[in-house]
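Dropping the sequence and predicted coords here.
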Amino acid sequence: MKIYTRSGDSGSTGLFGGPRVPKDDDRIESYGTVDELNACLGVVRASGVSKAIDGQLQQIQNELFSIGAELATPDADRHDMRIIDNAHIARLEQWIDEHEQSLTPLKTFILPAGALASVQLHLARSVCRRAERRVVTLASHDDVQMSESLTIYLNRLSDLLFVLSRVANQEAGVDEVPWQRPT
C-alpha cells in the first residue's frame, strides 16, 4: 500500500464511505484535531510518565482513534463506527476521582508549569479543548448526525488531562506554580 495517492493534491480528501470534501471542511478540522491530540498524548507517554498514567493514556489513544474514525465517516451508524458511549465517559470520571484523592485541593489557578510530563499534559488538555470546540462546530451542521457522547467524552478527557498534569508534577516531586495576578 502506498502512503501517497496524489488524490489530495487538489485540496480535497475523501471521507470514509462518503464524498470528497475540502481539506478545511469542519469534519476534517474535527478529526484532524483529535488526531493532533492523539499525537500529543504520544509525546506525553514518551516523556516518562508513571506506568499507571501510561496505561490510561494508551487506552485513551485507542479511543481517540475510534473517535477520529467516527468523525471521518458521514454515515457512522451504517458503518458501525459508533464506539464511544457512556461507559467510556464513566471510566474517565472514575479515573479523575481516583487521581484527585491523592492531590491537595486547589485554592487558586495554576500555570502550565513544572515537570516536562505535566507541561505536556497541559498542552494535550488545551488541544483537547480545541478538539471539543471543533466537534461542537461539526455537530451544529443540520446534515451531520453524531453521537452526543463524543463531546461529553472530550470534555471529560480535558478534565482528566488537567488532573493528570497535577499528578505528574506530584510524582516528579515538583511544586505546582500558582497563577499570580499581575500588578
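Yes, it's here. Computed from a predicted model, the values in this text were never measured in an experiment.

The residue nearest the centre of the chain: which element?
Geometric centre of the chain, nearest residue: C128, 4.1 Å, by Cα atoms, centre = their mean. According to DSSP states H and E, C128 maps onto helix 116-139.

by contact count, what packs against the very next helix or strand once past that helix?
On the C-terminal side of helix 116-139, the closest following helix or strand by DSSP H and E is helix 149-172. Other elements packing on helix 149-172 under the criterion 3 or more Cβ pairs under 8 Å, 6 or more residues apart in numbering; DSSP states H and E are helix 51-71, helix 86-100, helix 116-139. C-beta coordinates here come from the backbone N, C-alpha and C atoms, glycine included.

got the angle between the last one and helix 51-71?
Between helix 116-139 and helix 51-71, the angle formed by their directions is 20 degrees, by axes from the mean of the first three to the mean of the last three Cα atoms, to 10 degrees.

Now do helix 116-139, average pLDDT.
What helix 116-139 shows for mean pLDDT is 96.

now do the first one
Helix 51-71 carries an average pLDDT of 95.

in it, what counts as buried?
53-54, 56-57, 60-61, 63-64, 66-71 (16 or more other Cβ atoms under 10 Å).
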